[in-house]
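In: what shape does this take:
(2 chains)
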Amino acid sequence: MMWMCIAVFLLWMKSGGCTEKANTSDLMEYTAANFYEKLHSGKMMFIYFEHKVSRTISLFLVELEKSADALQDYGVLVGKVNCNKELVHAYCTEEWVLHTVFLFRGGKEFLGFDLDTVFDVNSIVSEVLFAILRDEVKYVHTDTDLLAMEKAARGKKDIVLGYVRSLGTQEHRSMMETAYVYGSKYQFILITGGPVLKHLGVNELSHSSRVWFLHCRVHSGFVIPMTCPLTLMRKPLSTLSLHSFLQLMEAPLVSEVYNDPSSVQPPQFPYQQTPQVFLFSRPTTAHLDLDTATTLAWRLRGLALLLLVHRQSPAVKTPDEYNAAYRLPEKSSEVKYLTLNDLDEVLELFTNQEREEEDEEEDEEEHSHFGHLDDEIAASVYENRGDLLDMDSITQLTSDNFHTAVAQSSLTVALFYLKWDAASMAFLSSFLDVAEGLTDSGVQMSAVDCGEWTDLCAAQPGSSRPIPFRPITAFPSVLLLRPQESAQHYRGMLGTEALHRFIMLSHPASPVLLSTQEEVTSFLQEVPHPKLAGYTPDRVLGLFETHRGAPLFTEAAKSLRGEVLTGLLTDGLAEKLAAEHSVDLPAVLVFPSWRTHAHPSALPVSNSAEELLSHINTALLHPLPELTVENLPSFLSLGKALLLLFVGEEEDEFGRRQNQVLVEEMRGVVELGGRRMEPYLACWIHLGRTPAGMSVLGSYLGSMPPLPALVLTHLPSRGEIYQYPPNMPIGAPSVLQWLQRIEDGTESAAGLLGEDSWPPAVKFYDFLKIMDMQEPNSAQQQTPEEEEEVDEKEVNMEEDVLEEATDSSSSSPTPNNNPHSEL
Amino acid sequence: MDSNLPCFILFILVGCVKCSSEYHPHNGTRHYDYCVLGAGPAGLQMGYFLSKAKRDYIILERNSGPGSFFNKYPRHRKLISINKIHTGRQNREFNLRHDWNSLLSDKPDLLLKRVSSEFYPPADAFPLYLSTFVKELGLKVRYGVDIGRIRAVQSATGRRYILTDQHVSDYTCSVLLVATGLWVPHKVEFVGSDLVEGYESISTNPEDYKDQSVLILGKGNSAFETAQSILGRASHVHMISSSPVRLAWQTHYVGDLRAVNNELIDTYQLKSLDGLLEAHLDKIVIAQRKEQGRTRLGEKKKEKKGQLYVTLKKFLQHQKPKNSSDVTGEELPGYYIDNFSLRKPYDRVIRCLGFRFNFSVFDSSACPPKSDNAKGRLPKVTAWYEGKNTPGLFVLGTAAHSRDYRSSAGGFVHGFRYTVRAVHRVLEQRYHSNPWPSTKLLTTQLQSWILKRVGEASGPYQMFEVLGDVILLRGSHCEYVEEFTLQALPQFSNLSGHEVSDHGLIVLVMQYGKKKIDYLGPERTEGDWTKAWKSNFLHPVLYYYDTLPTEEEMKLRPSGWALPRPKAIHHMVEDFLAEWDSPISHIQPLRRFLEHCVQTDLRAFYAESCFRSALTHRKPPLFCQQGYLKRRGVAHSKQPWQHIHDAGVMPTEQDAGTSVADPAFPNCLAQAGASKSSGLKLDS
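Out: All right, here's what the predicted structure looks like:
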């Protein structure tokens, strides 16, 4: 019933638009008193203050007059005040007002519109409604924002997403009029193209407006990962088409009937213009049939209504040979029967017609689900499939040459890869870059194609000599091989820079034995390789009275090789350095790259190498880190809540200084908070250096807040995200108070972290379902009787040429005599 | 006898090794944990696995060397198992897909190609190869031990098999592995079957068939091999058996007629006096004509002596004495049907009906029943090749072919070398509690690993639809078990020693299409991955089960299927090159299937995406968890990294008070970031 009312309402508005000329003779002209009276009554008014009439103005006035009727339906009074006759203060005196028309609401000025943006009925109605609905209709610019909106709407509201190629058009108006009516029922979103269109798989260059319906409210039985399933409106955007589209979205996905399709009623109001598709169900496969119907119904959504006919009902007379039927609205209500091999055939029935009108991109969209690589690494490798990788710069290790090749060089870096593993191939080109940079460095860069040298990668010795590593089961893997030593696994980022640095840092021995003061100084101050100029490595020194006790440190140093520079001091030199830093022997001094050498952290020598390692690693962590793509994992693994400051890119020295002040304030928070700050890791992200942080911030808060922004996230076992009040200056005491309020539960969350489960992003291609459809029973379990039949069939199939030639009457079914074969 | 010397030496060597531990009295009893009966390819293959596992075993062989069957057979001395040496690949596992003669071992060069480079090697090469195999691996074989009786006894320590040889010496074994092959010629009894020569004893000299008319019973490879060898000498070669010729290239079964032997099909179809016929052998009669109606003197001499006529049982007149196979003219079909196909007599009738298992040495306590298929010529065994009703007795090699008779390669070296390995793994688990070898993989690595197996594994490729890889899903990781015997799947946990968790399992099988098609016609291949289930050629198929199928489900599996209906199935579309590694057609659909099975997004992400999802979610996707969060994120490769070093001269002020993180770091990243688009495109 509600639908009926809305439809009538919309139709009436439409007709109102057509007949406007007949019943509006003159634009409502307000006197000052009249104006004030209406204003103070809180009415919405759209008023132009007329000073002098130019050609442009008079044209506008005609359009304004036309729009009066349309806007009246939305409770907006349209009129003008003639400033030559009446004097409304300010509006009739200011010069700039000449080119502006005003919207009043709630007794005051709500918004001014430049006459350039409101030039005809459509633009006036759309812009005014857009202004009125600005809390209801969201404007979304990025895919991240859209995702955030979807997240917010999930389980609550469906989303109507509109792309209008420009504002103030008929299409924009249709969107707004519909939003006015359905605004409380659906979340309306307007996009302007760009990344969101791309995200939706639409070529930006296509200029047609589009509307999507995002099914966010209910999602039973349909896998929804990040996004809500969406249906594209296929008809051109108009108020009426949008209206009927929305109605269709409300129609049940699949209706089950027990009548023959010919006796099923044609669709009733408001769906009378919609085709019906019938599929058939049998009791034995009822569940499956419903699944199939549901899958198809999703694809037909907005195009046709799907009905599932239960064959077991005696009223169903459709012959078994047909497995589908349909009824088109415009033709007589005759039902057409079909035998389908493929669900796509149904889809074609209803899309063909439109397909002709649409351009190619539509095709692409249809196939994008299957034809496009949705894995970003696989896709980028695939994009570069035309480029040949130049493998000449590296040694190809094989089962045959492995031992000799490794023996030849003091350091061999070996990449184990699989050609079909996208991450392997993406990294291979980085690896080749590193190799190029390392020519003539004495490092042998090499690769093992594990698709070919399967026994080498499985560490199966072809000869008596053992393979110095364990079977490789993860790809890509990088091993550092030195003659007569067991292999060292590279555990860093799979990227050019990180690998290069690692190889350079693993050049010196680990630990280096330091025996003079000069060596110590140089160890602490010089970079180990000219190629690393500009990079400050972390350093660790072991101080021991003798070599006794050093094995533990040596073991730890070995596993730090490539990441940290380690040195070992003994005897007098050790004592001297220990005295300098006022520690007792034995001791381990850690010199993190972020601190001056004057203040190392001193660690006691632990009981085990692992313990020592973890102490060293902890000492190396910055207390107030700038989070980057590379270092985030080290800090996340601490398991602390993140007190995370986002700062923007500085344009000048002033900005730089300001950002520094902000970081200092954060340091203040840590210092002032003391032990209270222990569950938190204060950290910051520089959006200029780490642009990936932008979408993080956007997704935390639903939109981009002004910078700097301080949030608290990753609270243990909680998903809430809190935003520090944006208008409040960031200062240590107030931040601590804010944290206290959060702990007390008096702050409300600004956002939520996403779930920790990642269901598949795309539904898999269900071969079983397709087999069941195209060759029913071929994939079904047998019933015990069937099983026996099989053998007999084989026998009957055998022909007996000789017998036939002799006496056909005597040929009788012979016992199963399995023909022999040769063994 | 030619290869006697090395074998003799070997025997002495083996004997010496053994003499300390074995006492050799006549009539004495020696005990072994494992007795392998027969030193043919299957016995030696099992010997290798037992030796590698350092088990107490002995291989008993009645002849003086290994693989003695091949000293006589095939009669025309050409093996039709391919020995493809050049594959363009170095992958040893892959190359076994095209080497049908070699046995499995960890010596990469212990392959048949060492003794023969021919594509179809001469038969003599095979025993030679087997001797080399025994020698290099030091297998314990005792030759000249002819076991005449096998019985089982139940004792307190369990069931034992007692083997008695020609010297009445006993061998007792806890486990008996019967690898005796098939060597008893298969005969069909019918009237006149005594007039028929056997494949085992016919002359292989074509000259002996000059201008003769020959009828061959059978249409298998030995029949065709025989036909082919006499084609140039005999006048007529007719072949008869109950069913039409089955061509291996149509049935994908190597036991059916191989193209290497099929010249007679040509001459038949080109109408050159040769022919094929179908009849049930137990309905025909081979007979000589009775000397009757000698009214005209000398006429008898015109007819060649001993010519053989074919007639049908129903035309025989019953009052004849049983043994006599002579017939009168009224008993010949030509008398009733004037254009009867076989109305002319033959000079020879040759039986080429293959071989049967020798059941005669088994005492009733140890005798496996006869199989239902293969005309009962084979013993009936369980899905893990244990004799039905004979626990601890396993049948290996050709004799175990009843499991996949006429469907897969289990009756042939290139097939049973894998089933022998599977049996050995069953033994290790059952008697030594060593679970089947398995590989633990991160779930994000599973796809690559499957592609690796699909690209190289020879076991499932040769033993298609019989052996398959089982992947036990365990959440973030999985356990990969290779080459399990599919029919034993309900017993998986028991046989393999691996438990199935409630995450379920995936079984990877190679299989052919089930449809009869025009095998050389235009419709023979499928290229569209969405129609992969219609693939006709060998292609990988993955079955996903949430629990192990039961015996009942296995029994009632869909007709023609190797496994019961799974929860989900995935066919990887057949590939002309048999390389299943195309990103769109093979890899992505596979990933989506795996994602469905583990209910997790398995896509790979660059470090930057992981960074985003790690910060916006409580946990990032699995790939990021297992890579990025372990500090092994994948960086974009298109970084202008060289510039980093050029621009590397950074102010190295190290002021503890004000320094905010390593200045070199962010600078690098700023450069990296500049070349990429950010996630949040504000104005584009």
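In: wait, what's in contact with the spatially closest residue to residue B:487 that is not a sequence neighbour?
Out: Residue nearest to residue B:487 in three dimensions, not counting chain neighbours: residue B:383, with 3.5 Å by Cβ to Cβ, 6 or more residues apart in numbering or on different chains. For glycine as for every other residue, the C-beta is placed from the backbone atoms N, C-alpha and C. For residue B:383, the contact set (Cβ atoms under 8 Å, 6 or more residues apart in numbering or on different chains) comprises B:403, B:485, B:486, B:487, B:488, B:491.
In: which one (most neighbours) among those?
Out: residue B:485 (27 neighbours; other Cβ atoms under 10 Å in any protein chain shown).
In: where does the chain have low pLDDT?
Out: Assuming you mean chain A. Counting by pLDDT under 70, chain A has low-confidence residues at A:1-26, A:192-194, A:203-207, A:219-227, A:330-332, A:351-371, A:547-549, A:785-823.
In: actually it's chain B I care about, not the one you picked
Out: Using pLDDT under 70, chain B drops low at B:1-28, B:291-305, B:318-325, B:637-684.
In: quick one: residue B:575 and residue B:514, what's the gap?
Out: Noted for residue B:575: a distance of 18 Å to residue B:514, by Cβ to Cβ, to the nearest Å.
In: quick one: which of these two has more around it?
Out: Set residue B:575 next to residue B:514 and count neighbours by other Cβ under 10 Å: residue B:575 wins out with 20 against 12.
In: residues near residue B:200, how many?
Out: If you count neighbours by other Cβ under 10 Å, residue B:200 ends up with 15.
In: do the same with residue A:321
Out: 8.
In: do you know how far residue B:215 is from chain A?
Out: Distance, residue B:215 to chain A, by Cβ to the nearest Cβ, to the nearest Å: 12 Å.
In: spatially central residue in chain B, please.
Out: Closest residue to the average C-alpha location of chain B: residue B:415 at 1.8 Å, with Cα atoms, centre = their mean.
In: contacting residues around that residue?
Out: B:404, B:408, B:409, B:462, B:463, B:466.
In: residue contacts, residue A:420?
Out: The contact partners of residue A:420, by Cβ under 8 Å, 6+ apart, come to A:451, B:448, B:451, B:455, B:581, B:583, B:587.
In: quick check: closest non-adjacent residue to the fifth one.
Out: Looking back up the chat, that one is residue B:581. Residue B:581 sits nearest to residue A:420 (Cβ to Cβ, 6+ apart), 3.9 Å away.
In: tell me how far the residue nearest to the centre of chain B lies from chain A.
Out: 12 Å.
In: is that residue in a helix, a strand, or coil?
Out: At residue B:415 the chain is in helix, as set by DSSP: H, G, I helix; E, B strand; the rest coil.
In: from residue A:83, how far out is residue A:95?
Out: 12 Å.
In: ok, those two, which is more surrounded?
Out: Remark: of residue A:95 and residue A:83, residue A:83 carries more neighbours, 19 against 7, as counted by other Cβ under 10 Å.
In: I'd say that one and residue A:92 touch.
Out: Yes. Here residue A:83 reaches residue A:92: they are 3.5 Å apart, a contact under Cβ atoms under 8 Å.
In: touching both of the two, which residues are there?
Out: A:49, A:51.
In: buried residues in stretch B:132-139?
Out: B:132, B:133, B:134, B:135, B:137, B:139 (16 or more other Cβ atoms under 10 Å in any protein chain shown).
In: quick check: the first one touching residue B:111?
Out: It refers to residue B:132. No. Between residue B:132 and residue B:111 no contact is recorded; they are 9.9 Å apart, counting by Cβ under 8 Å.
In: and for the residue lying closest to residue B:503 once chain neighbours are set aside, the neighbour number?
Out: Using Cβ to Cβ, 6+ apart and skipping the chain neighbours, the partner closest in space to residue B:503 is residue B:473 (3.8 Å). Residues within reach of residue B:473, counting by other Cβ under 10 Å, total 24.
In: now residue B:218: how far from chain A?
Out: Taken as Cβ to the nearest Cβ, the span from residue B:218 to chain A is 6 Å.
In: against residue B:344, how distant is that residue?
Out: 20 Å.
In: and those two? which has more neighbours close in?
Out: Between residue B:218 and residue B:344, counting by other Cβ under 10 Å, residue B:218 is the more crowded of the two (27 against 13).
In: phi, psi for the residue lying closest to that one once chain neighbours are set aside please.
Out: Excluding the flanking residues, the one nearest residue B:218 by Cβ to Cβ, 6+ apart is residue B:352, at 4.0 Å. Torsion angles at residue B:352 (phi, psi; degrees, to the nearest 10) stand at phi -130, psi 70.
In: report the contact partners of residue B:352.
Out: A:822, B:199, B:216, B:217, B:218, B:220, B:222, B:223, B:226.
In: please name the bridge partners of the third one.
Out: Beta-bridge pairing of residue B:216 under DSSP bridges involves residue B:239, residue B:350.
In: my guess is residue A:42 is in a helix, correct?
Out: No. Checked against three-state DSSP, residue A:42 lies outside a helix; its state is coil.
In: mind telling me what element residue A:480 is part of?
Out: Assigned by DSSP states H and E, residue A:480 belongs to strand A:477-481.
In: list of residues touching that strand?
Out: Residues outside strand A:477-481 that contact it (Cβ under 8 Å, 6+ apart): A:406, A:411-416, A:431, A:468-469, A:487-490, A:494, A:499, A:503, A:506, A:562.
In: other residues contacting the helix or strand following that strand?
Out: Counting by DSSP H and E, the next helix or strand C-terminal to strand A:477-481 is strand A:488-489. With contacts defined as Cβ under 8 Å, 6+ apart, strand A:488-489 is touched by A:477, A:478, A:479, A:480, A:481, A:482, A:506, A:561, A:562.
In: among those, the buried ones, what's the PyMOL command?
Out: Per 16+ other Cβ under 10 Å, the buried members of the contacts of strand A:488-489 correspond to this PyMOL selection:
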select buried, chain A and resi 477+478+479+480+481+506+561+562
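In: give me the number of residues near residue B:38?
Out: Per other Cβ under 10 Å, the neighbour tally for residue B:38 reads 29.
In: kindly report the same for residue A:385.
Out: Using other Cβ under 10 Å: residue A:385 sits among 9 other residues.
In: likewise the one 10 residues further on?
Out: Taking other Cβ under 10 Å as the criterion, the count of residues near residue A:395 is 21.
In: quick check: beta-bridge partners of it?
Out: Where residue A:395 sits in a bridge, its partners, by DSSP bridges, are residue A:446.
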